[in-house]
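J.: Sequence and predicted structure are below.
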Amino acid sequence: MHIASYLSSLMQMSRLVKKSPSVCTDLPLNSSDVCNKLRLMKELLKSSYGPTARLKQVHNNIGGAVVTTSTSSVLLQAISSSHPIVSLIKGSILNHVSRFSDCGLFASVFCLSLIEEAGRCDLSKNVIIRVNKHLLSLCTAHLQQEDCGCKVQLDFCSSQSLITLARSVISSKPTCVLSEPESAHISRLAVQAFLLTVPCNIPDKVRLGRTVTIPMEGHSVLESAVFPGLLLDTPENISLGNLCSPLRMVLFSASLAGDLSELGDGRIEVHQGVDTDSQIVDQLLELGKQVLKDEVKLFVCQKVIHPVLQHYLRCNGVIVIERLGISLMEPLIQLTGAQPVATLHTTVPWEAYGEVHVSVRPFGSKTKLHLHPAGKTTICTMILCHRNETMLSELKLVCQKTEHVLRLTLREPCALLGGGCTETHLAAYVRHQSKNDVSESSPVLGCSQTEYLLAAEAFCRSLESVATSLEHDDGASLIDLTHAHHWTLPSDATEEHLEDAAALCGCGVVQSCQNKKWSYLNTEYAEFSPEPLLTASPLQPTVLDSFTAKVNALEVAVETANLVLDVRYVIQDVN
Amino acid sequence: MLEGVVINSRQHVGLQKLSALSGRIRSSVGPFKNYKFIQDESSGDSVLVCSCFRIIENLEPTCAVGQLVYETVRGHHKQYRTGSGCLLFLAGGWSRAALDSLRRGISVQHIITAMSEGIDICLDVCKKFSVSFKDLAVMEKCTAAPGGTKKASTDASIEMANFHDKCLSKSGQRKVKLSRHFCEAKSDMLSTVRHPDQPDMIVIAESLSHGCEKAMKLAVEAAQMLLKTNQQHIRDPLFDISKMLTCLVSGLPEDYACVVEGCILLLSDEQAAAAHVVKQQPLKVALITGDLSQTYRHLGFKSLPGEQCVCEDLDLSVSNKEDEWVDKVVKLLLNLEVKLILTAGLVSQKVIQHCCRHQILVVEKVNSSVLKTIGSSTGAIPVNYATQLTESCVGDGVNVEIWRDLSSYERKSLTAVNISTGRSSGLVTVVVTSCVHGKLQALEDQFWACAYRLHHALKDGALLPGAGGAELLCVHQLQKQAEHDRVKDSKTGSAANLYRGLVLQLMAGGLIDYITAVMVNTGRFTAANARTIVSKQLTEFHRDEISTEKFLQLVSQSKREDAGFSAVKPDEAPALNIYDNLSVKQEAWRKALDLVLLVLQTDAEIITGTGQKNEGNLMLL
């Protein structure tokens, strides 16, 4: 018996096509195909970087919906490559974006530039990896220093710097098509929403609230607004009548559709004449009776509610809301103190009920039910309006990103200069430091002084190329040789007109003046130590980047690049 | 991943596509439209289309730009039902302007800044030159004055000029409310602020009809009927457009179109028989939001795939489940004495048969707004399942009347009934008729376009000079600004506004293109001829350095001269002024520019998924 089955399986096997052996590629970075792919990826992401970026239309080849965007999370998700190196880079950047939301494109462009520069200079990969690591620690140490020239402390006494930070994030995505007043309005709303989520009286443990975003198409951006509490869609013609606030409410996470969906694909046998549907409806009505007895006035379900139950509850003066969706569950629990009920087969325990104030708020053509607690709440709702779907979906993404960036400021209350100034500053700093410590560092890193300087040059050029990536209209990128800030010169302006054409540097801190010396980026200039700006008043940059996100992006980029440079073989199963 | 890179050179492929798409509707802008056949090569089906929206809808653009266009136009159409052609045409015109700018070496960033400024100028012009209803009412009086005969005499025009001086000097304080959204608040405001000398709705309607006089007549009639039946305050003419319905009847000449109070529905033979029994008596009504069949389950219900029935003893007498269910429902209906059922969904044939046998009239596929209105006026509560019905859900006092027996016009019998509630239900049905079945859709679209134009005009409380007037003014302003920039540039020699003037000039070109296309579509002008007239008009504007006051007069005079822009036949020339909707036009322009800017900034397409097609400029990642 055993032997027979073994034999038959052998015979079956003999009919199978032989597996082809795995393909092993030596030194993948030396192949022109891989280099082309990486270059293409870099071009793609680089052209999507910054407030004047070029947009990409993402769609599938069977006529699916078109997404117009320049957001790294969407772009990278759309990239699916046959080559593991591309997938590796994509994976690590996406991981960064999922944790910090911001600086995804910065990390990608920097990482890909590092790889490209490493291929260009004729050094052993090991040396480059070691030097990169060393320089990264140099950068992070510099950024952590109190007197770092490209860092500004955020002043929580006024909302101005927070608004500037929010505005930098919001205006970095041109798909939103926002005018000046519109982006100012949205930045203010973002900060307002953020402030609402910070609890006022802090108990032992600080817990931030949530901002729920509701997109509304077809309205002007300036009609966007923030409300404390939650706004829920309601069935039409709701009348609060003589309901006295606060209302008792119950929240179900189980489906009350009247089906047996929790059985999954399991089989069920029923006797002839037994009507499962009506039995479940009876069960649901029992539930309805109980909540009515307990004087529940607001009945919310994450999923579908059977129309019979809805009808029964409405006839008895209960406000019924179905299909709340998973994303609103957590905020609603926080807001009302209700415990979600996950079954319909037991009576609802008294502790599961929550309490909430309710009012009706018309917004546009829709009526929304406004839920808010008696006291302060850390839950708020942001209604985002825009003229069309494409711009609205990007605006929603950007606002969520802004919320995250603002939250990160609570961890480290500082920001970095934006507009490419941090990159040029760091490049100048690293160039200067590496010149100074070449004699000590090179023996530690096990390379010659020349090798060390070459690798450092490649690192700095990569940093600077991120700054140049901000310009997409053939303009020139420059660095000033005193403060090492980033300047852009429009393609139609000549160097003589620099003072008129570029009155301010990228981040808006430094003003141009006659006796300033400039150098084009990606050309050689004598190394110098960037001077700190000496002003009496604190700096007022117009563009700020998230400190936490950028420092992490820097690390992710260098480590990913090092990992890619370290890959010796690619073994692919081609079956 | 496949990746198609649109090369961002001076030949922007996306903009070219946009321009090409908008070229499809060139002959369909303006009041004079030609019908088009759109044929599906694979199936051989064809549709007759007239409006720009239907053209795009039926072309089903598949490319990324095409989808973006369709998404935008669909959004606009859903809200306004008119102005889609203007949107698409200008998107094309301005994408050509952007292409031209690129070709001249202007950077994308400069184009964006300049064009945004351009649209601000245009929207500003609209705001400034909009005519409020108050002005309109005064104007009416002027024309009605004994001196002002139909042929514009010199006295009348002087009078007009004086009047414009008067009313426009006030216009400085006038605020045109542009918000379209807060209807309730808005209607309050209208009723309080409005001057007693309201312009006549008929006059407004005529000036907004844009060649669809018949459809506009129906719209006005329907609006007035709505106002009357809902006993709204006469000073607040904003009607509730959600209570207007259309009923399409083919086989009748177009002149048979009419407006009827109540809700007209078409019935099949069997239903008609039941209708004859229940007609002309107050009936009890049940409203069902789902389908009326045994297998129907509400949305979100997952039926079990693995349910098995176990029988203990074999019972052959058991009838099938559906019959049981139908019996149960009919018994319930008879108990409740329901004689009329309106369902939003479908009704199974068996239910119709059973109900007809018991003289219960069942009507399927009823508009949900009808259910709502009938529900609120009869006290009926819409339910999802028929088995849910109880005494309290049933409403009463509904009347069914046989409105017309249309059987003689079509082979299969067809009866139209009018369902109304004794108390004012407030529903008004517009019956659209045509001998040609394929034309019905176009006629219905025309009606809705007119109804929405009227609705939005009343909501805005102001109108925009039509017949190309607003566009001409914008062209004038854009060119003036461009000239201003040029002069300033040559004086200061700065490069800052170097390109702005040029881009504004090109944008104005897009608008001129629109005006001439509309003129050419009337069939009375060649393209060259139209251009000459427009440029003549513009030079006049420039020479006079027109003040806002004189503008309206100019436009109305120019109309008398050449009747070029108007839809009015030349022989009945100076009859009326033509106006456009303020908010609709502003919104259409904004959306058109949004489209152009999005496409202009796009430099690549990322195509996900495995693809077999290998096009020339695809790159694989």
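T.: Thanks, I have the structure now. These numbers come from a predicted model, not from an experiment.
J.: Please name the residues that touch B:E213.
T.: Each residue near B:E213 by C-beta atoms under 8 Å, 6 or more residues apart in numbering or on different chains is listed here: B:E206. For every residue, glycine as well, the C-beta is placed using N, CA and C.
J.: So it versus B:L458, what's the distance?
T.: In this view, B:E213 and B:L458 are 19 Å apart by C-beta to C-beta, to the nearest Å.
J.: Where does B:G92 sit, in terms of helix or strand?
T.: helix B:84-103 (DSSP states H and E).
J.: Show me what the mean pLDDT comes to for that helix.
T.: Average pLDDT, helix B:84-103: 90.
J.: swap in stretch A:206-222?
T.: 88.
J.: show me where pLDDT drops low in chain A?
T.: Within chain A, the ranges that satisfy pLDDT under 70 run A:1-16, A:63, A:202-204, A:236-244, A:261-265, A:273, A:493-502, A:514, A:534-538.
J.: okay, now the domains of it?
T.: A:25-150+A:418-572, A:230-262+A:274-376 (the TED database).
J.: okay, these in JSON lines with mean neighbour count next?
T.: What follows is the domains of chain A, written out as JSON lines (neighbours: other C-beta atoms under 10 Å in any protein chain shown):
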{"stretch": "domain A:25-150+A:418-572", "mean neighbour count": "19"}
{"stretch": "domain A:230-262+A:274-376", "mean neighbour count": "17"}
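J.: will you turn those domains into JSON lines that also has distance to B:T532?
T.: As requested, the domains of chain A are exported to JSON lines (distance: least, C-beta to C-beta, whole Å):
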{"stretch": "domain A:25-150+A:418-572", "distance to B:T532": "36"}
{"stretch": "domain A:230-262+A:274-376", "distance to B:T532": "46"}
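J.: And those domains: which comes nearest B:W325?
T.: Closest to B:W325 of the domains of chain A is domain A:230-262+A:274-376 (C-beta to C-beta; 10.5 Å).
J.: now the helices for the stretch 151-300 of chain B?
T.: Secondary structure of the stretch 151-300 of chain B (DSSP state H, counting those that start in this stretch): helices located at B:154-170, B:183-193, B:201-208, B:213-229, B:269-278.
J.: Now tell me which of those helices the model trusts least on average.
T.: Across the helices of the stretch 151-300 of chain B, the lowest-scoring stretch is helix B:183-193, with a mean of 34.
J.: quick one: average pLDDT of stretch B:462-476?
T.: 83.
J.: what's the closest of the domains of chain A to B:E270?
T.: domain A:230-262+A:274-376 (28.1 Å).
J.: Let me see the contact set for A:C103.
T.: Counting by C-beta under 8 Å, 6+ apart, A:C103 has contacts A:H96, A:D545, A:S546, A:A549, A:K550, A:N552, A:A553.
J.: ugh, wrong one, I meant B:F239
T.: The contact partners of B:F239, taken as C-beta under 8 Å, 6+ apart, are B:A223, B:L226, B:L227, B:N230, B:Q232, B:H455, B:L458.
J.: Could you rerun that using 7 Å?
T.: Going by C-beta atoms under 7 Å, 6 or more residues apart in numbering or on different chains, B:F239 touches B:A223, B:L226, B:L227, B:H455.
J.: And A:K303, by the same measure?
T.: With C-beta under 7 Å, 6+ apart, A:K303 has these contacts: A:S255, A:L256, A:A257, A:R323, B:G300.
J.: So what sits opposite the second one in the bridge?
T.: Beta bridges link A:L256 to A:I305, judged by DSSP bridges.
J.: my read: it touches A:A342, true?
T.: No - using C-beta atoms under 7 Å, A:L256 makes no contact with A:A342, being 11.4 Å away.
J.: Okay, strands next: where are they in the stretch 51-200 of chain A?
T.: A:55-60, A:67-69, A:151-153 (DSSP state E, counting those that start in this stretch).
J.: And the closest residue to A:W518 other than its chain neighbours, which helix or strand is it part of?
T.: Using C-beta to C-beta, 6 or more residues apart in numbering or on different chains and skipping residues adjacent in sequence, the residue nearest A:W518 is A:L478, 4.6 Å away. Counting by DSSP H and E, the element that carries A:L478 is strand A:476-480.
J.: Quickly run through the sheet partners of that strand, with directions.
T.: strand A:486-489 (antiparallel), strand A:518-520 (antiparallel).
J.: sorry, back to before: what distance separates the helix holding B:G92 from the middle of the whole chain?
T.: 22 Å (C-alpha atoms, centre = their mean, to the nearest Å).
J.: Need the residues that contact the following helix or strand past it.
T.: Once helix B:84-103 ends, the next helix or strand along the chain (criterion: DSSP H and E) is helix B:108-129. The contact list for helix B:108-129 (C-beta under 7 Å, 6+ apart) reads A:52, A:179, A:473, B:94, B:98, B:101, B:176, B:464-465, B:470, B:473-474, B:477-478, B:481, B:499-500, B:503-504, B:507, B:548, B:551, B:582, B:585-586, B:589-590, B:593, B:597, B:600-601.
J.: same question, stretch A:342-361
T.: A:231, A:238, A:240, A:245-251, A:253-254, A:256, A:283-284, A:287, A:290-291, A:294, A:296, A:298, A:335-339, A:341, A:367-374.
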